[in-house]
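>>> Dropping a prediction and its sequence here:
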Amino acid sequence: MTEETYKEILKKLDEAGVNYEKLEHEHVHSSEDAAKVRGTSLEEAAKALVLQSKSGKIFLCVVSGHRKLDLRKIKKIIGEKNCSLAHPDVVFEATGCKVGTVPPWGNLFDIPIYADEELFTREHVVFSAGTHHNSIRMLAEDWERLVGAERADIGKSL
């Protein structure tokens, strides 16, 4: 399904008439390596993290590649005492994507999406688009508009 996810994102981008770059690259295992093979900055990277609360709620958090998610902050926002990164099986069940390939498009999976405010201090975002080999770079404001992300202070420095 990951190739289908990639094609669905491209379709939505084309329908919206926004400019974007398709980036094809080798399989990498970290945000730092992804930035290198993409030829983009780590700060532009939009890492999509699937979380699950103890009550079972699934949601997507997006932080810049040079930052990490602050679980304390997200717990306050969602009003839950406990949440953590979702198990890879839960991620696949919810998105059809493997960990590391989930795009920051919660609306594709009917999952709420929270985006760290810091993402919007840059003009562009670049993200994995459903596969280990495909990424997309686009204007941050276009991405925000198309995915319906809720801006929130959810990140912290590494």
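Received the coordinates, thanks. Residues are numbered from 1 along each chain as shown.
>>> ok, which stretches of this structure are strands?
For the chain, strands defined by DSSP state E occupy the ranges 20-24, 46-53, 58-64, 67-69, 83-85, 113-116, 124-128, 134-139, 150-152, 155-157.
>>> mind checking which of those is nearest Glu4?
Between Glu4 and the strands of the chain, the shortest separation by Cβ to Cβ is 11.9 Å, and it involves strand 134-139. C-beta here means a position set from N, CA and C on the backbone, and glycine is covered the same way.
>>> any residues touching that closest one, and which ones?
Identification of contacts with strand 134-139 by Cβ atoms under 8 Å, 6 or more residues apart in numbering yields 6, 9-10, 13, 18-25, 34, 38, 40, 44, 103, 123-129.
>>> Quick one: buried ones out of those?
Buried positions within those, assessed by neighbour count (16 or more other Cβ atoms under 10 Å), are 6, 9-10, 13, 20, 23, 34, 38, 40, 44, 103, 124-129.
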